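K.L.:
the following comprises the amino acid sequence and a computationally predicted model.
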Amino acid sequence: MANVFGAGGDSLDLSNNATQVFVEVLTLAVSALAEREWDHRFAALLALQDQNVMGRGAVGFDLADLDWGPSAEEREAAKDFVLRVVALAARRHRWDELGYDPPHAEAGLRRFRAIVEGFDPATAHPAAGALPAEGCAACCVRHRVLGALPLWDGCVFCHG
């Protein structure tokens, strides 16, 4: 069973273990960069990809289902944020704290970056609840990342 992250038919299919790594490295990056409300909502979307809470093989999202914002400027800022998160993760931001070496994470991040770059947020058809209404605002003190509050206690590393 694969977890799928993508935009329409352009997708990154990941095994359960690869998904865990993908979510962990993106969580480290999103926690360092999130400032705006949309950024924190995207962090909450990543928190929802925690297979230890949601179930293995039961996560993933389609960029076309997300609400990128009502104006061209907001959509461009949101897309830029996602690309900056992926770029920071690809630079191995805090990977030394993972406790393991994720040898295939860079390939997944490159593929996801290409999907995001090729996606036009103006073509999105937001699905209700695809992007959480409330963003992650609390920090997991133990792991120094945005936690899943108000979704549930703890962060992806607490549950791992």
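P.N.:
Arrived safely.
K.L.:
same for the host helix or strand of residue 115, what does it pack against?
P.N.:
Assigned by DSSP states H and E, residue 115 falls within helix 105-118. The contact analysis (3 or more C-beta pairs under 8 Å, 6 or more residues apart in numbering; DSSP states H and E) places helix 105-118 against strand 3-7, strand 10-14, helix 16-33, helix 72-90. Where C-beta positions appear, they are placed from N, C-alpha and C, glycine not excepted.
K.L.:
how much does the first one deviate in direction from strand 10-14?
P.N.:
It refers to strand 3-7. Here strand 3-7 points in a direction 160 degrees away from that of strand 10-14 (axes from the mean of the first three to the mean of the last three C-alpha atoms, to 10 degrees).
K.L.:
chain center to strand 3-7: distance?
P.N.:
11 Å (C-alpha atoms, centre = their mean, to the nearest Å).
K.L.:
and the angle for that strand with helix 16-33?
P.N.:
Going by the same axes, to 10 degrees, strand 3-7 makes 50 degrees with helix 16-33.
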